[in-house]
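Enquirer: Dropping the sequence and predicted coords here.
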Amino acid sequence: MSIPTQQPERAEENFYVETLENGLQLLGQRMPDLESVSVCFFARTGARDEHDPAIYGVSHFLEHMVFKGTAHRDTEQITLDFNRMGAEFNAFTSLEQTVYYARILREYLPDAIDLLSDMMRPRLDETDFNLERNVILEEIARSEDVPTGQAYRRLMQSYFTGNSLGHDVLGTRESISNLAVEQMRAYAGRRYAANNLILAVAGNFEWEQLRALAAEKCGAWQLGEMGREASPFTPQAANTIIVKPQQKQQIALLAWPSVSVQDDDLYAAYLAMMVLGDGTGSRLFWNIYQKGLAETASASLSPMDGTGMAVAFISTTPDHAPGVLELLRAELKSLQTDGIHEDELRRAKDKLVSRTVLDGDSAFSRMQDLAYTWAAKSEVRSIQDEIDEIEAVTVADVRRVLDRFPCTENHVLTTYGPLDGVAFGISE
């Protein structure tokens, strides 16, 4: 049984949208020219939903445990069943979602739905839990040896002080060491409820078959928590100087507020960041990287549920680092004061449209976009919809988003390397 949604089926574009009576959201895009199908369960939960310090890291830990067995399969059987399909399969956890996916030949879709839906109701055996705890602790230890990851985590903690978006996806040594399996079971029961999950499919499949499979395998799942409270967030300007004398490179991350995933100026903000610091051809590329002043000089947008931030990333030698940081600030001031030019906007649009079209050829990319877009705005978009939105952005739109979110204000700086604050002109 299913109930209608606000957005009707878009059969002319091979898009399908439906909601089961228990709230499970079904999304599909049929791509009949392919021989494959990509399918995922998208759980709208991640590290930002771990409000109790005692369960920090539970979302990621749970992702591991989902592969450790169900009431019907042990971990070996899960792997064997995926292998029998010749599937590419995996999962990942972020601040805001956990995704379990498989890429398969079209004839294996029923098997993939059967397996993935079974995994969404994991056994969470205490013995397996205690063994896997050590794997997570090793993962935390390894992460501490990666300078870029460490710098980014410290940036997030500083930027989102007092907000759950500052939580580390891996959790802490303390939280993982003390976490009890009962706490994970309770979290899974709340956050893996039918109405907080999306089943997204893209590729060569038949919608009626998918609906029937979803109803059969998932129709008895119960309701629970749905979504989250997601409010705008503005950080306090702050400097975090992490001195690592043994490091040969100096890393600097500079962040400031920007748009959320729901914001109508999302594409204008993306294009502004591309002009500033996207790969080749951007201002940071020509004025810092191409001059040999830094190994990396880039800028990117991180839109999130209800809020967002822009981040500039610099990796250079200690000798160059103070000057490069000043050059970055000068580029931000220029962007804020003068905006962007028509020719820069055109080049950025061409790059973004090309990426969008190329991604659109992949069932896996379309599957992800279906789930992410629905989670953000409860809508589906075709490739042409996205292209139209990108092409509609004007220089005036970019000016507006820069005025709404000035790139020269509320700076949160994190440096990681041999230099102290004095080297950057910062009092400690």
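Expert: Everything's here; your move. Numbering: from 1, shown residues only.
Enquirer: what about stretch 267-285, average pLDDT?
Expert: The pLDDT scores in stretch 267-285 average 96.
Enquirer: Contacts for it next, please.
Expert: 258-259, 263, 297-301, 303, 308, 310, 312-313, 328, 331-332, 334-335, 340, 344-345, 347-349, 351-352, 389-390, 392-393, 397-398, 400-402, 405, 407 (Cβ atoms under 8 Å, 6 or more residues apart in numbering). C-betas here are computed from N, CA, C, even on glycine.
Enquirer: Next, the buried residues of that stretch.
Expert: Going by neighbour count (16 or more other Cβ atoms under 10 Å), the buried part of stretch 267-285 is 267-278, 282-285.
Enquirer: about what we covered before: list buried residues within the contacts of stretch 267-285.
Expert: By 16+ other Cβ under 10 Å, the contacts of stretch 267-285 give 258-259, 263, 297-299, 301, 303, 308, 310, 312-313, 328, 331-332, 335, 340, 344-345, 347-349, 351-352, 390, 393, 397-398, 401-402, 405, 407 as buried.
Enquirer: So which of those are in strands?
Expert: 297, 298, 299, 301, 303, 308, 310, 312, 313 (DSSP state E).
Enquirer: can you tell me which of those lies nearest to residue 149?
Expert: Lowest distance from residue 149 to these (Cβ to Cβ) belongs to residue 313, with 12.2 Å.
Enquirer: which one is that closest one nearest to, not counting chain neighbours?
Expert: residue 298 (5.2 Å; Cβ to Cβ, 6 or more residues apart in numbering).
Enquirer: Residue 122 too?
Expert: Looking at residue 122 with Cβ to Cβ, 6+ apart, the closest residue is residue 66, at 4.7 Å.
Enquirer: need the contact list for the one you found.
Expert: 91, 100, 119, 120, 122.
Enquirer: Distance of the third one relative to residue 364?
Expert: According to Cβ to Cβ, to the nearest Å, residue 119 stands 18 Å off from residue 364.
Enquirer: who's more crowded, the two?
Expert: Using other Cβ atoms under 10 Å, the more surrounded residue of residue 119 and residue 364 is residue 119, with 23 against 19.
Enquirer: Could you find the closest non-adjacent residue to the more buried one?
Expert: Nearest one to residue 119, counting by Cβ to Cβ, 6+ apart, is residue 66 at 5.1 Å.
Enquirer: That neighbour and residue 98: what is the separation?
Expert: 9 Å.
Enquirer: shared neighbours of these two, anything?
Expert: Common neighbours of residue 66 and residue 98 (Cβ under 8 Å, 6+ apart) are residue 91.
Enquirer: separation between residue 132 and residue 72?
Expert: 20 Å.
Enquirer: And the helices in the stretch 251-400 of the chain, which stretches?
Expert: 266-277, 283-284, 321-338, 342-360, 363-377, 383-392, 395-404 (DSSP state H, counting those that start in this stretch).
Enquirer: helices and strands around the fourth one, which ones?
Expert: Other elements packing on helix 342-360 under the criterion 3 or more Cβ pairs under 8 Å, 6 or more residues apart in numbering; DSSP states H and E are helix 266-277, helix 363-377, helix 383-392, helix 395-404.
Enquirer: Need the ones you listed in TSV (columns: distance to residue 53).
Expert: Shown next, in TSV, are the helices and strands packed on helix 342-360 (distance: least, Cβ to Cβ, whole Å):
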stretch	distance to residue 53
helix 266-277	32
helix 363-377	26
helix 383-392	39
helix 395-404	34
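Enquirer: Got phi/psi on the most centrally placed residue in the chain?
Expert: For the chain, the residue nearest the mean C-alpha position is residue 94 (5.7 Å; Cα atoms, centre = their mean). When read as degrees, to the nearest 10, the backbone of residue 94 gives phi -130, psi -170.
Enquirer: my read: it touches residue 46, true?
Expert: Yes. Counting by Cβ atoms under 8 Å, residue 94 does reach residue 46; the two are 5.2 Å apart.
Enquirer: what is in contact with the two at once?
Expert: Contact criterion Cβ under 8 Å, 6+ apart; residues shared by residue 94 and residue 46: residue 169.
Enquirer: pLDDT (mean, whole number) over stretch 216-225?
Expert: Throughout stretch 216-225, pLDDT has a mean value of 95.
Enquirer: Can you tell me what sits against it?
Expert: By Cβ under 8 Å, 6+ apart, stretch 216-225 touches 1, 20-24, 113-114, 117-118, 120-121, 189-197, 199.
Enquirer: One more: stretch 388-398?
Expert: 265, 267-268, 271-272, 275, 339-342, 345, 349, 352-353, 356.
Enquirer: Got the phi and psi for residue 341?
Expert: Per degrees, to the nearest 10, the backbone of residue 341 is at phi -100, psi 160.
Enquirer: List the contacts of residue 315.
Expert: Contacts of residue 315 by Cβ under 8 Å, 6+ apart are 148, 249, 250, 251, 252, 294, 295, 296.
Enquirer: Am I right that residue 377 is in contact with residue 260?
Expert: No. Look at residue 377 against residue 260 with Cβ under 8 Å: they stay out of range, at 10.3 Å.
Enquirer: So these two - more neighbours on which side?
Expert: residue 260 (21 against 14).
Enquirer: low-scoring pLDDT stretches of the stretch 251-400 of the chain, where are they?
Expert: Within the stretch 251-400 of the chain, no range satisfies pLDDT under 70.
Enquirer: what does stretch 174-192 rub up against?
Expert: 43-45, 49-50, 53-59, 61-62, 65, 120-122, 124-126, 129-130, 133, 136-137, 140, 170-171, 224-225.
Enquirer: now the end-to-end length of that stretch.
Expert: Its start and end residues considered, stretch 174-192 measures 24 Å (Cα to Cα, to the nearest Å).
Enquirer: Select, out of the helices and strands packed on helix 342-360, the one closest to residue 211.
Expert: When the helices and strands packed on helix 342-360 are compared (using Cβ to Cβ), the closest one is helix 363-377, at 15.4 Å.
Enquirer: Kind regards, and thank you for your time.
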